[in-house]
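Undergrad: Prediction below, plus the sequence it came from.
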Amino acid sequence: MESFNPALPSIVESLDDVYKNFGNNKKRYDELNETFSKIYNGDKPIFYFRAPGRVNLIGEHVDYSGYCVLPFALEQDTIVAVSFNKLNNDIINIHNCNEKYTSKSIDVSGGIEIDMKRHHWTNYVLAAWKGVQQAMNEGNKLKSVNLLYSGNVPMGAGVSSSSALVCVSTLAISYCNNLILNKEELAQLSIKSERFVGVESGGMDQSISFLAEQNTAKLIEFHPNLKTYDVQLPKGVSFVICNSLVDSLKVITGATNYNLRVVECRLAAVLLAFYTGLSWEKVRRLRDVQHQGNYDLNQLIQLTEQYLSEKQTYTRQEVASILDISVEQLVKTYFPSGIAVQAEHFELYKRARHVFTETQRVYQFSEICKQQFNQQHQPQQSINNNSDNNNNNDITPELGKLMNESHESCSKLFECSCPELDTLTKICRENGALGSRLTGAGWGGCVISLVPNSKVDSFLDAIDTHYYSKFVNPEKLKNLEKSSYSFFTTPCKGACIISSSV
């Protein structure tokens, strides 16, 4: 890894190459170094590794159905300092700079078993360890390590703090064991690893954490292979993140929220395939229906209306009877093996309609951005001769409209919003946002708003007045810096390795 290879995570010698906010982040690395030495008896990190959180512009709950998303990485990240454990070859030591997250020392000589019923932050680290161990050649034992983490990705905010933890751990453990993987391979390994904690992740969070680049969002397609396309965002506007401060805890609520939606999308896909005469046994995702039937998205929406709208909810027995299989076979084939889904009735029409229309919005959003970028980079003579050029700056309302439609679909069809998110997006629109929508899994967490640059300061003040002052317990805000729950952001760098000399 000594020579530069853009497919591999970069090794960074200066924090300036990663962070716009150099001062605060330099303090974090200094604290890591000092705390590491105290915890590990004077030992020093051999490397630092970092992986960022992310915000999704549009394309919610479609990745695990096989469809594209449009995220970018945040500057906020999870860092881990690492050294080898020279005292015991069978123990990995896991600590956190934040004392709220208790430490563990784990004996890995007998392999890793993750207890999904006992949620602990170190489960994500162990999931990465287990994933890397499986990726190693059989018989190769992972080297035991000392780990110290520092994270400023907001927890439970829908901006992928858990995936950042899995990704940075996957990068660190693989690198320390000379398992050289490119960014796509690291993303795929992290996707697989995170499922060890019980959540049926679709892959967006891990993919953008590794494949992100500064100053561009990424259109990510997952099939037939993982591909990314740069999407240059419009000038003159900012993307503002506001945390509802309602915790969105994907693992803890997976049985009734996230994993349930995964199952509903799978069952919708299978029934659509069955009713349209496809080989439904080979179908697990809604995109499989499109691929096998050679349908476009408009046709899929029409088929959803035709076959799923009359009877919107189904029981396990009803789906099994339609497919002429047993309930046991249905559950074994289509329900997650991790966190068990707790539901008796499954909404199929609403979920499928959301996925298909949301996917359309992703492509529309990226195409509008592409058209504006191309217009802005025409030769000057072409710009002067283009009579339509005066309309060039009027694309942001179109993007805002797509964001608003996305939130409406998330709220009404996918039912992954909550009263606080609906209230917050409404307040954002009333105070200058061209568009506002939940971002992340939902059921709490953050909203993202498209705001003209000239209005960002007044917008943030208005959200303070009309949301945080009225709907959030003052005790919850007392120990939080405003910049941690309400801020504007631009696309930042993906996961990388940081020299210990920074």
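TA: Right, received. Where do you want to start?
Undergrad: list the buried ones in stretch 254-271?
TA: Buried positions in stretch 254-271, judged by neighbour count with 16 or more other C-beta atoms under 10 Å: 254-255, 257-271. C-beta coordinates here come from the backbone N, C-alpha and C atoms, glycine included.
Undergrad: average pLDDT for that stretch?
TA: The predicted model assigns stretch 254-271 a mean pLDDT of 94.
Undergrad: Render the CA-only coordinates of it in PDB, please.
TA: Taking C-alpha atoms only, stretch 254-271 is exported to PDB below (Å, rounded to 0.1, in the frame of the first residue of the first chain):
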ATOM      1  CA  GLY A 254     -35.600  -3.700  14.800                       C
ATOM      2  CA  ALA A 255     -38.300  -6.200  15.600                       C
ATOM      3  CA  THR A 256     -41.100  -3.700  15.100                       C
ATOM      4  CA  ASN A 257     -39.500  -1.200  12.700                       C
ATOM      5  CA  TYR A 258     -36.500  -1.700  10.500                       C
ATOM      6  CA  ASN A 259     -36.400  -5.500  10.100                       C
ATOM      7  CA  LEU A 260     -40.200  -5.500   9.800                       C
ATOM      8  CA  ARG A 261     -39.900  -3.200   6.700                       C
ATOM      9  CA  VAL A 262     -37.300  -5.500   5.200                       C
ATOM     10  CA  VAL A 263     -39.700  -8.400   5.500                       C
ATOM     11  CA  GLU A 264     -42.700  -6.400   4.100                       C
ATOM     12  CA  CYS A 265     -40.600  -5.500   1.000                       C
ATOM     13  CA  ARG A 266     -39.600  -9.100   0.500                       C
ATOM     14  CA  LEU A 267     -43.100 -10.400   0.800                       C
ATOM     15  CA  ALA A 268     -44.400  -7.600  -1.600                       C
ATOM     16  CA  ALA A 269     -41.700  -8.700  -4.100                       C
ATOM     17  CA  VAL A 270     -42.600 -12.300  -3.900                       C
ATOM     18  CA  LEU A 271     -46.300 -11.700  -4.300                       C
END
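Undergrad: Tell me the spacing between the most centrally placed residue in the chain and residue 51.
TA: Taking C-alpha atoms, centre = their mean, the centroid of the chain lies closest to residue 205, which sits 2.8 Å from it. The spacing between residue 205 and residue 51, counted by C-beta to C-beta, to the nearest Å, is 10 Å.
Undergrad: which neighbours do those two share?
TA: 163-164 (C-beta atoms under 8 Å, 6 or more residues apart in numbering).
Undergrad: picking up where we left off before, if you look at the buried residues of stretch 254-271, which of them are in helices?
TA: Using DSSP state H, the members of these that fall in helices are 258-271.
Undergrad: Would you mind listing the buried residues in stretch 221-235?
TA: Under 16+ other C-beta under 10 Å, the buried positions of stretch 221-235 are 221-222, 226, 228, 231-234.
Undergrad: ditto for stretch 124-138
TA: Quick answer for stretch 124-138 (16+ other C-beta under 10 Å): 124-133, 135.
Undergrad: does residue 427 count as helix, strand or coil?
TA: helix (DSSP: H, G, I helix; E, B strand; the rest coil).
Undergrad: Can you give me the separation between it and residue 408?
TA: Counting by C-beta to C-beta - residue 427 and residue 408 are separated by 16 Å.
Undergrad: just checking, residue 46 touches residue 82?
TA: Yes - using C-beta atoms under 8 Å, residue 46 is in contact with residue 82, at 6.1 Å.
Undergrad: Which neighbours do the two have in common?
TA: Common neighbours of residue 46 and residue 82 (criterion: C-beta under 8 Å, 6+ apart): residue 176.
Undergrad: which one of those two has more residues nearby?
TA: residue 82 (20 against 15; other C-beta atoms under 10 Å).
Undergrad: Remind me which helix or strand the more buried one belongs to.
TA: strand 70-84 (DSSP states H and E).
Undergrad: which other helices and strands contact that strand?
TA: Applying 3 or more C-beta pairs under 8 Å, 6 or more residues apart in numbering; DSSP states H and E, we find strand 70-84 packed against helix 22-39, strand 47-58, strand 145-151, helix 161-176, helix 204-211, strand 217-221, helix 349-376.
Undergrad: switch the cut-off to 6 Å
TA: Contacts defined by 3 or more C-beta pairs under 6 Å, 6 or more residues apart in numbering; DSSP states H and E place strand 70-84 against strand 47-58, strand 145-151, helix 161-176, helix 204-211, strand 217-221.
Undergrad: what lines up beside the helix or strand just after it in the sheet?
TA: Heading C-terminal from strand 70-84, the first helix or strand you meet, by DSSP H and E, is strand 91-96. Strands that pair with strand 91-96, judged by DSSP bridges, come out as strand 104-107 (antiparallel), strand 145-151 (parallel).
Undergrad: so of those strands, which one's packed in deepest?
TA: strand 145-151 (a mean of 24; mean count of other C-beta atoms under 10 Å).
Undergrad: angle of that strand against strand 70-84?
TA: Per axes from the mean of the first three to the mean of the last three C-alpha atoms, to 10 degrees, the angle that strand 145-151 makes with strand 70-84 is 140 degrees.
Undergrad: Show residues contacting stretch 177-192.
TA: Applying C-beta atoms under 6 Å, 6 or more residues apart in numbering, the contact partners of stretch 177-192 are 7-8, 131, 135, 142-143, 166-167, 170, 174, 201, 203, 206-207, 210-211, 226.
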